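J.: Sequence and predicted model, in that order:
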Number of protein chains: 2
Amino acid sequence: MIWYKDNKNDIAVSTRIRLARNVDSVPFPNALKNKTEVEDKIKDAVLKGSKHFEFVALDDLKTEIKTALAEEHLISPQMLEGSGKAILLNKERTASIMLMEEDHIRLQVIEPGLAIDEAYEFADKIDDIIESGVQYAFDEEFGYLTACPTNTGTGMRASVMMHLPALTMTRNIARVAASAGNLGIAVRGMYGEGTEADGNMYQISNQVTMGLTEKEILEKLKTIVNQIIDMEKKAREALAKNNADELSDRLFRSYGTLKYARSISSKEAKSLLSDVMLGQNMGILPKEGKITPLECIVRIAPSFISAGESMTPAERDKKRADFIRDNI
Amino acid sequence: MIWYKDNKNDIAVSTRIRLARNVDSVPFPNALKNKTEVEDKIKDAVLKGSKHFEFVALDDLKTEIKTALAEEHLISPQMLEGSGKAILLNKERTASIMLMEEDHIRLQVIEPGLAIDEAYEFADKIDDIIESGVQYAFDEEFGYLTACPTNTGTGMRASVMMHLPALTMTRNIARVAASAGNLGIAVRGMYGEGTEADGNMYQISNQVTMGLTEKEILEKLKTIVNQIIDMEKKAREALAKNNADELSDRLFRSYGTLKYARSISSKEAKSLLSDVMLGQNMGILPKEGKITPLECIVRIAPSFISAGESMTPAERDKKRADFIRDNI
């Protein structure tokens, strides 16, 4: 299931596992001349090992479709740069294998909700399929070798996307980020490093890939995510108890603006949709939309709105407002 | 007809004529010991001359009802201060005679729309009724004598309440006020001198009461009001032509906020209702409310909302939001 469709999870929204792998005795992508040979090897292994995957050359796709893949988190923003990039994508759109990104292989699995073990098991299975046709660059002491040493070891980045409006509203998010950071867990904006937390969406992920086993990393992440869930729940309860009127007024106004605006930026819409998501989950706002606020947050991104057409930002803002009014 | 009920006028909203009169050979109210005797004389003349008026002692009314009279512009804010104040009010609530305000008699007539001549004729008729039982303080050279010399002469203040959102939005209102001022016509906020133009409502009135006849003053006011109506219309046309999308988005958002807010201040509500009034008159917003935005602007004033009950501002803001959602 695509992670954002009919997703009822309101705090831990989705889970992503990413594994970085490289083929043995071949230079990393940035120094590799003949990429096709390595790509073909990986492609053959995957297409032979699974009927669910297909090969997609990104050059064959329109810019907007590529950007949409990035906004669905199926490819990284880096894959949009330059040419000659390709991925392997499963039909359910829950797993993708980016070829020749920073590493030869960047395999990732995305599941709705908090599903760290399930996502890891699925990633591990795909990892085995690839390995059946490819010899990985692996060192007994260091583990999986990667282009950037921060990924060496497990090569794994496990992350949970969390919707944390109450912790943001009550200005507790910086404290949460700091204490998670002390335990080697990073708290970042929705689209990864250096991005703002639009719509109060944060990625909680492991910073360390070496010196711990996959299981240890996943357990630690799970513990911290569960702690943050508790904190967010408590913050929501406190808001409901101490600021019920202000909260209700704010959430209804956000809803009203989305239902009436004729032009809206992506940033403002995400912020208001976060309010609607919170309001619906707290039972303050009615659930009357055709799609969930979360799906709406994903589908109002510029590339989804322009959907292959060339549009000015003003045209997109109008079309976005129309889309939201029709769906929320 | 009460001026704000079913009032379809969108630029010149209402017309008010106020006549200041004093009884001859009696000190002005601020120096008058026995007010009752003078009051009785005026009261007798009016009740004898017209079946439409009744005598109302303001001390008999609750504070909120008195404030509501001020918000309907039937009494001046000064009448709310102190005790012992009385008025004569016609049943249609289109005319009131304030007794012992700054002058012995402050007679005023309010009509919906631009109705300068009609309002003056009605005021003149009531003036004659009072004069049938009372000798006015009148000087052949100066005209009607009043407590404040700025009213001496005709004793008349004619004012038109105007809704000027486009001139305000395009920042032309200061220029309009300055050029009207040069011609002896003042442009002020909704509730007179020193008040802000909440809801883009302005009072356009004569500053000069001496040296001109009533007819001359009224003609001058009429000319300037008609010029401002033209300017407001042109400003609206320009907005519709050059900023259609921004305007539509703004007006719909204001409408959405009013339809969804759970708490709203009088100031914010007036501003948003001004947008709805503009939007409906420009054919941008649907007319689906139970009452007009203008009536809503009058009826959401603090005293109308509390309606005799003792309420905190937060309680009023909630009740105001409920009232607006139900009616707009």
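T.: Structure received. Every value quoted in this text rests on a predicted model; they were computed, and no experiment measured them.
J.: list the contacts for whichever residue of the stretch 1-150 of chain A sits closest to chain B?
T.: Nearest residue of the stretch 1-150 of chain A to chain B (C-beta to the nearest C-beta) works out as A:Asp10 at 20.9 Å. Using the backbone N, CA and C atoms, a C-beta is placed for each residue, glycine as well. For A:Asp10, the contacting residues are A:His163, A:Met277, A:Leu278, A:Gln280, A:Asn281, by C-beta atoms under 8 Å, 6 or more residues apart in numbering or on different chains.
J.: now those residues as TSV including secondary structure, neighbour count and pLDDT?
T.: Output for those, formatted as TSV (DSSP: H, G, I helix; E, B strand; the rest coil; neighbours: other C-beta atoms under 10 Å in any protein chain shown; pLDDT from 0 to 100):
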residue	secondary structure	neighbour count	pLDDT
A:His163	strand	27	96
A:Met277	helix	25	96
A:Leu278	helix	27	96
A:Gln280	helix	20	96
A:Asn281	helix	18	94
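J.: Where do the domain boundaries of chain A fall?
T.: Chain A breaks down by automatic domain parsing into domains covering A:12-234, A:244-327.
J.: Can you add distance to B:Lys5 and give those domains back as TSV?
T.: Output for those, formatted as TSV (distance: least, C-beta to C-beta, whole Å):
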stretch	distance to B:Lys5
domain A:12-234	43
domain A:244-327	27
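J.: Next, format the contacts of A:Asp10 as JSON lines and append distance to chain B.
T.: Output for the contacts of A:Asp10, formatted as JSON lines (distance: C-beta to the nearest C-beta, whole Å):
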{"residue": "A:His163", "distance to chain B": "22"}
{"residue": "A:Met277", "distance to chain B": "16"}
{"residue": "A:Leu278", "distance to chain B": "15"}
{"residue": "A:Gln280", "distance to chain B": "14"}
{"residue": "A:Asn281", "distance to chain B": "18"}
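J.: Need the max-distance pair from those.
T.: Put simply, by C-beta to C-beta the two of these set farthest apart are A:His163 and A:Gln280, 11.5 Å from each other.
J.: which regions of the stretch 201-328 of chain A sit below the pLDDT cut-off?
T.: Within the stretch 201-328 of chain A, no stretch has pLDDT under 70.
J.: Enumerate the residues of it near chain B.
T.: A:245-246, A:248-249, A:252-253, A:255-264, A:314, A:318, A:321 (C-beta under 8 Å from any C-beta of the partner chain).
J.: Just the buried subset of the residues you listed, please.
T.: A:248-249, A:252-253, A:255-264, A:318, A:321 (16 or more other C-beta atoms under 10 Å in any protein chain shown).
J.: Now the two most distant members of those.
T.: A:Ser248 and A:Lys318 (29.6 Å).
J.: where does the residue of the stretch 1-150 of chain A closest to chain B land in three-state SS?
T.: State at A:Asp10, reduced to three classes by DSSP: H, G, I helix; E, B strand; the rest coil: coil.
J.: any idea how far it is from B:Lys125?
T.: 68 Å (C-beta to C-beta, to the nearest Å).
J.: Residue of the stretch 51-200 of chain A closest to chain B, please.
T.: A:Met169 (16.6 Å).
J.: Where does the residue nearest to that residue when sequence neighbours are not counted fall, secondary structure wise?
T.: Counting by C-beta to C-beta, 6 or more residues apart in numbering or on different chains, A:Met169 lies nearest to A:Leu239, which is 6.9 Å off, once chain neighbours are set aside. Secondary structure assignment for A:Leu239, by DSSP states H and E: helix A:214-242.
J.: For the closest residue to A:Ile291 other than its chain neighbours, grab phi and psi.
T.: Of all residues not flanking A:Ile291 in the chain, A:Asn327 sits nearest, at 5.0 Å (C-beta to C-beta, 6+ apart). Main-chain dihedrals, A:Asn327, degrees, to the nearest 10: phi -120, psi -20.
J.: wait, isn't A:Asn327 in contact with A:Gly289?
T.: Yes: applying C-beta atoms under 8 Å as the test, A:Asn327 and A:Gly289 come out as touching, 5.8 Å apart.
J.: OK, contacts around A:Thr213?
T.: A:Thr154.
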